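# 3D, please:
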Amino acid sequence: MSHKNETLSLFLAVVITIGLIFGGLWFFMERWAQLSGTVTKPSETGNTSNPINQFVNKCNVANLPEGTFNYGGSTTWAPIRKEADSVLQNLCPRFVLRYSQPPSGEPGSGTGIRMLIDNQLAFSQSSRSVKAEENTEAKQKGFSLKEIPVAIDGIAIAVNRNLNIPGLTVAQLKNIYTGKITNWQEVGGPNLPITVYSRSKEAGGTAEFFVENVLNKENFGANVSYIDTTTEAVRKVAASPGGIYYASAPEVVPQCTIKSIPLGRISGQFVPPYQEPFIPPSECPTKRNKLNSQAFRSGDYAITRNLFVIVKQNGQTDQQAGEAYANWLLTPQGQEMIEKAGFVRLK
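As a prediction, the model looks like this:
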């Protein structure tokens with residue numbers, strides 16, 4: 001009899017132990033699901049029929065849809081994609097951003113807008129405004145394009161670190177790139193031929209902006225050598241005593257192997273793209289030059305522009321995704337990420 005009692009007791013102990021183990025596992029799984037947001041809780045209003053609203057409340061970004069959204073465009077935006085987009089993805093994991101390369105050609109503002117018109121992107125990132133002909137083409141496909149400014153950028157001029165020149169006016173810069181000025185001596189520098197570098201006009205928004213706003217729509221001169229990337233251009237300017245190149249300020253100002261120079265609208269009134277005092281290349285990378293954000297924001301610096309999110313106005317989730325993304329970048333947190341990426345906050 002005692003043997004049967006011992007067997008029954010052992011059996012009950014095993015059953016109870018297994019029950020406790022499974023009960024504990026169930027509790028922890030339920031708790032984990034609540035913490036990770038996979039379990040939908042009824043709202044205080046009792047509305048549980050809209051999962052998008054509950055998702056928005058969780059990640060605190062207004063009107064943000066769920067799903068995977070293709071986006072792309074300007075190479076100038078690369079630091080923002082690195083700094084800001086990863087933060088948004090962590091905040092709102094059900095809003096998935098997938099960067100898409102163009103099917104042909106180099107990535108850039110123009111190719112991004114092209115892909116947007118062709119319905120290959122939900123929204124695009126641009127370092128220039130939408131052209132009238134691009135909007136006309138979009139309207140032929142049943143929607144219009146809206147540009148939402150989210151950041152300020154400056155165009156900085158890179159020269160060889162050993163070049164001794166106080167600065168350039170915008171007019172002098174134009175004459176260099178149209179082939180009218182070919183020696184640094186003509187603009188107050190040494191007797192040294194100017195070696196001119198640029199990305200092609202078709203390559204991206206920065207070159208297009210430069211042609212439109214600095215060259216006043218004139219063509220590049222025959223003296224211009226074309227390169228594919230800013231990284232390649234920086235190497236060439238560093239190796240060319242008379243080299244010159246232009247690019248987005250965050251890509252130029254902190255560099256160690258070249259230096260950026262002041263610009264002015266009139267001679268003798270030059271404003272640097274960097275915060276003074278200038279940190280010479282010999283002290284880099286221990287110290288690096290920082291953007292002259294105040295001059296960019298005030299417009300004292302001669303060449304500035306906005307960075308835009310380009311949105312399809314089609315009344316669909318693509319428009320909702322683009323507008324919500326842009327609006328998040330305009331929040332205090334988004335603007336902080338813009339600044340961390342090296343650009344000037346709009347707000």
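# residue boundaries of the strands in the stretch 51-200 of the chain?
Shown for the stretch 51-200 of the chain, the strands assigned by DSSP state E, counting those that start in this stretch span residues 67-73, 95-99, 123-126, 144-160, 168-169, 195-198.
# low-confidence ranges in the chain?
1-58 (pLDDT under 70).
# centre-most residue in it?
Trp77 (2.4 Å; C-alpha atoms, centre = their mean).
# pick the most deeply packed of the strands of the stretch 51-200 of the chain.
strand 123-126 (a mean of 30; mean count of other C-beta atoms under 10 Å). Where C-beta positions appear, they are placed from N, C-alpha and C, glycine not excepted.
# okay, now the sheet partners of that strand, with direction.
strand 67-73 (parallel), strand 304-313 (antiparallel) (DSSP bridges).
# Gln320 falls within a helix, correct?
Yes - when DSSP: H, G, I helix; E, B strand; the rest coil is applied, Gln320 is found to be in a helix.
# which helix or which strand is home to Ser267?
If you go by DSSP states H and E, Ser267 is not part of any helix or strand.
# ok so, going back, Leu215 is nearest to which of the strands of the stretch 51-200 of the chain?
With distances scored as C-beta to C-beta, the stretch of these nearest to Leu215 is strand 195-198 (10.2 Å).
# show me what contacts the residue lying closest to the residue nearest to the centre of the chain once chain neighbours are set aside?
Among residues not flanking Trp77 along the chain, Gln125 sits closest, at 4.1 Å (C-beta to C-beta, 6 or more residues apart in numbering). Residues counted as contacts of Gln125 (C-beta atoms under 8 Å, 6 or more residues apart in numbering) are 71-74, 77, 80-81, 109, 112, 307-310.
# how many residues are close by the closest residue to Phe209 other than its chain neighbours?
Excluding its sequence neighbours, the residue lying closest to Phe209 (C-beta to C-beta, 6+ apart) is Arg128, at 4.7 Å. Using other C-beta atoms under 10 Å, Arg128 has 26 other residues around it.
# Arg128 contacts Arg305, doesn't it?
Yes - contact status for Arg128 versus Arg305: in contact at 7.1 Å, counting by C-beta atoms under 8 Å.
# give me the common contacts of the two.
Phe209.
# re earlier: Serialize the strands paired with strand 123-126 to JSON lines and add fields for distance to Ser248.
Putting these into JSON lines (distance: least, C-beta to C-beta, whole Å) gives the following:
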{"stretch": "strand 67-73", "distance to Ser248": "14"}
{"stretch": "strand 304-313", "distance to Ser248": "9"}
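# looking at the ones you listed, which is nearest to Gly167?
strand 304-313 (16.2 Å).
# what are the buried residues along that closest one?
304-312 (16 or more other C-beta atoms under 10 Å).
# quick one, helices of the chain?
Taking DSSP state H as the test, the helices found in the chain are 2-36, 51-59, 78-80, 86-91, 109-117, 132-140, 170-177, 205-213, 230-239, 249-252, 293-298, 317-329, 332-340.
# contact partners of the third one?
For helix 78-80, the surrounding residues in contact (C-beta under 8 Å, 6+ apart) are 125, 151, 250, 307, 329, 337-338, 341-343.
# which two in the residues you listed are spaced the farthest apart?
Farthest pair in these, by C-beta to C-beta: Pro250 and Leu329, 16.0 Å.
# ok, those two, which is more surrounded?
Leu329 (25 against 22).
# excluding covalently adjacent residues, which one is nearest to that one?
Using C-beta to C-beta, 6+ apart, the nearest residue to Leu329 is Val150, at 4.3 Å.
# I'd say that neighbour and Val309 touch.
Yes - assessed by C-beta under 8 Å, Val150 is found in contact with Val309 at 5.9 Å.
# tell me, what's touching those two both at once?
326, 329.
# from Thr230, how far out is Gly264?
Distance, Gly264 to Thr230, using C-beta to C-beta, to the nearest Å: 24 Å.
# the more surrounded of those two?
Just comparing Gly264 and Thr230: by other C-beta under 10 Å the higher neighbour count belongs to Thr230, 23 against 19.
# got the CA coordinates for stretch 299-319 in CSV?
Included here for stretch 299-319 are C-alpha records, laid out as CSV according to Å, rounded to 0.1, in the frame of the first residue of the first chain:
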residue,chain,number,x,y,z
GLY,A,299,21.9,82.9,-45.9
ASP,A,300,25.2,84.8,-45.4
TYR,A,301,27.0,81.9,-47.1
ALA,A,302,26.7,82.3,-50.8
ILE,A,303,25.5,78.9,-52.0
THR,A,304,23.0,77.0,-49.9
ARG,A,305,20.0,74.8,-50.7
ASN,A,306,17.3,72.8,-49.1
LEU,A,307,17.1,69.0,-49.1
PHE,A,308,13.7,67.6,-50.0
VAL,A,309,11.5,64.5,-49.5
ILE,A,310,9.7,64.1,-52.8
VAL,A,311,6.2,62.7,-52.4
LYS,A,312,3.6,61.3,-54.8
GLN,A,313,0.3,63.0,-54.4
ASN,A,314,-1.9,60.1,-55.3
GLY,A,315,-4.0,59.6,-52.2
GLN,A,316,-2.5,56.1,-51.6
THR,A,317,-0.2,54.6,-49.0
ASP,A,318,2.9,55.8,-50.9
GLN,A,319,1.8,59.4,-50.3
